[in-house]
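Student: Have a look at this prediction, sequence included:
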Amino acid sequence: MSTYISLYCGNPTAGGTDGTLISENMAQTSPLSVTLNATENEIKAMKVAIRCEDGYRTTGNVVIGFKFWDGSVYQETGGNISKWKLAADNGYTQDNVLESAIWADELIISDVIGNTNYCFWVKAESSSDEKPQTDKTIAIHVEGIVEADE
């Protein structure tokens, strides 16, 4: 677990403290995972939350994006990184998020993130030109400043 701030999956509740901790640093013990049927160009969205440990909060912008793991370091581009997108939550449901959300390569959160879930969505796409695979090369990257909550 990173120091002070982490990501959670498993349909977390906005403002809650539920969800399953997503593993970090390519540990793959509890990754954000999705199964897609490439022959159908399948697309799925997953609700994810970010929150700080008790006693901490963010200050300034938090930027969430994706990095490609080349086997030794994280890269800005590569692999299937273009098939992953992010969107603010805005109260979406699983039924309407794919059509209603504004999807982007990165999500900038200017709100303070404290010790409760701040939810957002992650979208993964497949395409019929892909071979069946288990892709473990795309990582969610979080950048921001965490400070003691006064």
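Tutor: Good, I have the coordinates.

Student: Name the next helix or strand downstream of the lengthiest strand in the chain, please.
Tutor: The residue-count maximum for a strand in the chain (DSSP state E) belongs to strand 56-69. Counting by DSSP states H and E, the element after strand 56-69 in chain order, helix or strand, is strand 74-75.

Student: Can you tell me the strand partners of that next one and which way each runs?
Tutor: Pairing partners of strand 74-75, with direction, according to DSSP bridges: strand 56-69 (antiparallel).

Student: Which positions in the strand it pairs with come out as buried?
Tutor: Buried residues in strand 56-69, defined by neighbour count with 16 or more other C-beta atoms under 10 Å: 56-58, 62, 64-69. Just so you know, the C-beta spots here come from the backbone N, C-alpha and C atoms, and that holds for glycine as well.

Student: now swap in stretch 32-46 and tell me
Tutor: Buried, per 16+ other C-beta under 10 Å, within stretch 32-46: 32, 34, 36, 43-46.

Student: Kindly report the same for stretch 106-126.
Tutor: So for stretch 106-126, counting by 16+ other C-beta under 10 Å, buried means 107, 109, 113-114, 116-126.

Student: With stretch 75-85 instead?
Tutor: 79-81, 83-85.

Student: Identify the residues contacting it?
Tutor: 66-70, 103-105, 122-127, 135, 137-138 (C-beta atoms under 8 Å, 6 or more residues apart in numbering).

Student: for that stretch, the distance to its chain's centre please.
Tutor: 13 Å (C-alpha atoms, centre = their mean, to the nearest Å).
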